[in-house]
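Engineer: Test case, fold it:
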Amino acid sequence: MNRIFEHIQLVQGDITNARVDAIVNAANQKMLGGGGVDGAIHNAAGPKLLEYCKRVPAVDGIRCPTGESRITLAGNLHAKFVIHTVGPVYGIDPDPEALLAKAYQSSLGLAMERGCQSVALPALSCGAYGFPWDKAATVALAACGRVPFQNLSLTFYLSGAEIMHSWSQALAEAG
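Structural biologist: Residues are numbered from 1 along each chain as shown. Next up, the predicted model:
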């Protein structure tokens, strides 16, 4: 297996239970909570996370544009930080593959800037934003492969058997 991909694990489970330095949140541009992974992370982190998010400056109501990331403390989660990133809406946002790759890369860049050694990631844009699982997995793994690892351990938390199969297949093909 490619040495880069030795640092990547896939887990079928709940990202809010991850014991890592940073949890990546599939946020929306306002960073005020929402549904899916975002809602689960906000619920598990407690009200402090929303307070931290509100401290991030907004421009025209947007705290985090698509493809970018912002970092806050993690509230009640078993992590130091939450890295909020906004993936593209598939079929609506232009060049969704490039925006998805940028979201992963900017998230990992923030993690490395803060000295993180372990990061939990969701399958960005694969829920309500409609990104096909197999395409998302290929883009995510390629993006993570372009980041200089510096002892960074990545664990993707996936929500069900079908998505786990898609991502496992993509990881096997990438390695």
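
Engineer: Make sure Ala120 is indeed in a helix.
Structural biologist: No. Secondary structure of Ala120, determined by DSSP: H, G, I helix; E, B strand; the rest coil: strand, with no helix assignment.

Engineer: which residues does the residue nearest to it when sequence neighbours are not counted contact?
Structural biologist: Closest residue to Ala120 in three dimensions, ignoring its sequence neighbours and counting by CB to CB, 6 or more residues apart in numbering: Ala18, at 3.6 Å. Where C-beta positions appear, they are placed from N, C-alpha and C, glycine not excepted. Under the criterion of CB atoms under 8 Å, 6 or more residues apart in numbering, the contact list for Ala18 reads Leu77, His78, Ala79, Ala120, Thr155, Tyr157.

Engineer: Check what pLDDT Val147 gets.
Structural biologist: According to the model's per-residue confidence, Val147 sits at a pLDDT of 68.

Engineer: To clarify, my last question referred to Leu73.
Structural biologist: What the model reports for Leu73 is a pLDDT of 98.

Engineer: Would you mind confirming that it makes contact with Lys80?
Structural biologist: Yes. With contact taken as CB atoms under 8 Å, Leu73 and Lys80 are classed as touching, separated by 7.2 Å.

Engineer: Any chance of a PyMOL selection covering the buried ones in the contacts of Ala18?
Structural biologist: To isolate the buried subset of those in PyMOL, counting by 16 or more other CB atoms under 10 Å, use the following:
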select buried, resi 77+79+120+155+157
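
Engineer: Identify the residue spatially nearest to Pro57, adjacent ones excluded.
Structural biologist: Of all residues beyond its chain neighbours, the one nearest Pro57 is Arg63 (7.1 Å), with distances taken as CB to CB, 6+ apart.

Engineer: so how far is Gln29 from the one you found?
Structural biologist: 7 Å (CB to CB, to the nearest Å).

Engineer: still on that earlier bit, out of the contacts of Ala18, which is nearest to Gly67?
Structural biologist: Taking CB to CB as the measure, Gly67 lies nearest Ala120 of the contacts of Ala18, at 20.0 Å.

Engineer: Identify the bridge partners of that closest one.
Structural biologist: When bridges are called by DSSP bridges, Ala120 pairs up with Ile23, Thr155.

Engineer: from what I can see Pro96 touches Phe131, true?
Structural biologist: Yes. With contacts counted by CB under 8 Å, Pro96 reaches Phe131, the gap being 6.6 Å.

Engineer: and for those two, which residues touch both?
Structural biologist: Jointly contacting Pro96 and Phe131 under the rule CB under 8 Å, 6+ apart are Pro88, Tyr90, Ser125.

Engineer: what about Arg63 and Gln29, which has more around it?
Structural biologist: Under the neighbour definition other CB atoms under 10 Å, Arg63 and Gln29 were set side by side, and Arg63 has more, 21 against 16.
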